[in-house]
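1. Provide a 3D model corresponding to the input given below.
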Amino acid sequence: MAKEYKKRSCRHCEEGTLYIDFKNSKSLSRSVTEVGSIIPRRTSGNCAHHQHQLVTAIKRARILGLM
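-> The predicted structure is shown next:
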């Protein structure tokens, strides 16, 4: 029998976040592994809308050298 896992809910939807800011590197670092790769949506539990914003914010922070 397959185990049924509890679906993770989007942390940003629960907090009511409208926009993920690229200047807040502390919150962005939770979505990046030690190697520097972005954690995928199925692992992090983010919704599609916030995952897209998150990826864009991480890439902008990398370009500016904030991460």
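2. Tell me how far T17 lies from E34.
-> Using CB to CB, to the nearest Å, T17 is found at 24 Å from E34. All C-beta spots, glycine's among them, are computed from the backbone N, C-alpha and C.
3. Those two: which has the busier surroundings?
-> T17 (15 against 5; other CB atoms under 10 Å).
4. List the contacts of that one.
-> Contact analysis of T17 by CB atoms under 8 Å, 6 or more residues apart in numbering lists H50.
5. before we move on, which element is it in?
-> Per DSSP states H and E, T17 falls between elements, in no helix or strand.
6. For N46, see how far away it is.
-> 11 Å.
7. Please apply the same query to S37.
-> Between S37 and N46 the distance is 15 Å, computed by CB to CB.
8. Those two: which is more packed in?
-> N46 (24 against 9).
9. Hmm, the more buried one is touching L54, no?
-> Yes: using CB atoms under 8 Å, N46 makes contact with L54 at a distance of 6.4 Å.
10. Now do the shared contacts for the two.
-> With CB under 8 Å, 6+ apart as the test, N46 and L54 both reach 12, 31.
11. what about the strands in the chain?
-> Read by DSSP state E, the chain holds no strands at all.
12. hey, which helix is longest across it?
-> As assigned by DSSP state H, the longest helix anywhere in the chain is helix 48-64.
13. Contacts for that one next, please.
-> With CB under 8 Å, 6+ apart, helix 48-64 has contacts from 10, 12-13, 17, 19-23, 25, 28, 31-32, 38, 41, 44, 46, 67.
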